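> make a model of this:
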Amino acid sequence: MENFTLRKRLLSFKFAFNGIRLLFTQPNACIHACVAAIVILCGWWLGLEPWEWVAVAICIGAVLMAEAFNSAIEAIADKVSPDYDPLIGNAKDLAAGAVLLMVFGAVAAGLVIFLPKFVALF
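Residues are numbered from 1 along each chain as shown. Next up, the predicted model:
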């Protein structure tokens, strides 16, 4: 087992924060972040309950995590196979589909949380 040092652990955070920075160079991640900001502002305006904030935070984190995995898979796939390969194409499509499924789940949770609050306003 590799020696545990505080310096190595802190360095791992540096790499992780670099990964987050790289994530937000991806156009779709920027779209997700903008939508997340709108959701947060709406939640603040509507006065979400603590449990609702927890659900919103988990959904936002899960969508961004899915987008990060998708971007990582795409980067590796493009490096391994710069030319078109149907199996690589399937892997990239599956990763993109995983993001879309998570977005559908987040939208469903958002409707459960936000729709009654918006309906009550009108």
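> for the residue nearest the centre of the chain, what are its contacts?
Residue closest to the mean C-alpha point of the chain, counted by C-alpha atoms, centre = their mean, is Leu64 at 0.9 Å. Contacts for Leu64 (C-beta atoms under 8 Å, 6 or more residues apart in numbering) come out as 23, 29, 32-33, 36. (C-beta placed from N, C-alpha, C; glycine too.)
> can you do 7 Å?
Residues near Leu64 by C-beta atoms under 7 Å, 6 or more residues apart in numbering: 23, 29, 32.
> the helix or strand of the chain with the lowest mean pLDDT - contacts with which helices or strands?
Counting by mean pLDDT, DSSP states H and E, the chain has its least confident helix or strand at helix 6-23, which shows a mean of 93. Counting contacts by 3 or more C-beta pairs under 7 Å, 6 or more residues apart in numbering; DSSP states H and E, helix 6-23 is packed against helix 50-80.
> and the next helix or strand after the helix it packs on, what does it pack onto?
In the C-terminal direction, the helix or strand that comes right after helix 50-80 (DSSP states H and E) is helix 86-121. Other helices and strands packing on helix 86-121, by 3+ C-beta pairs under 7 Å, 6+ apart, are helix 27-46, helix 50-80.
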